[in-house]
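Asker: Have a look at this prediction, sequence included:
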Amino acid sequence: MNSNIILCLSVMPAGGLVGAGANNPWIPPWLAAAPWFPKWSPCTAVGAVCLDCNTRFICTKIGGLERACSDPTLPYCNLGECSATPTVECAPLSAVPA
């Protein structure tokens, strides 16, 4: 009986495996540069925080993702969640009667 042995070689980049937030050697650059492709960032605590008035940062066990509050009914980031109510810092300026 003949048996065939297949030898698989894996190619590692010179710097070794790359951590979160950097270029992944297994994903083609044209795909990684797409605006819809998630950009993972390192983070320390699980949860969500507001980066600005309309953007939140969601931190998971494997990294964090930046997400815009794109729903027109929930345009503001308030306590790490997209909300219809802005925070005091993000509230629109009210017109002062003359």
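Answerer: Structure received. Residues are numbered from 1 along each chain as shown.
Asker: From now on I want contacts and neighbour counts done on CA atoms only, so please keep to that.
Answerer: Will do.
Asker: now do the same end-to-end measure for stretch 71-90.
Answerer: 17 Å (C-alpha to C-alpha, to the nearest Å).
Asker: Let me see the mean pLDDT of it.
Answerer: Averaging pLDDT along stretch 71-90 gives 93.
Asker: and if you look at stretch 41-56?
Answerer: 92.
Asker: Run through who's touching that stretch.
Answerer: Applying C-alpha atoms under 8 Å, 6 or more residues apart in numbering, the contact partners of stretch 41-56 are 20-21, 57-61, 63-69, 75-82, 86-87, 90.
Asker: residues in contact with the nearest residue to Ala84 once chain neighbours are set aside?
Answerer: The shortest distance from Ala84 to any non-neighbouring residue, by C-alpha to C-alpha, 6 or more residues apart in numbering, is to Leu74 (4.4 Å). Leu74 sits next to Cys82, Ser83, Ala84, Thr85 when contact means C-alpha under 8 Å, 6+ apart.
Asker: Give me the buried subset of the contacts of stretch 41-56.
Answerer: 57-59, 63-66, 68-69, 75-78, 80-82, 86 (16 or more other C-alpha atoms under 10 Å).
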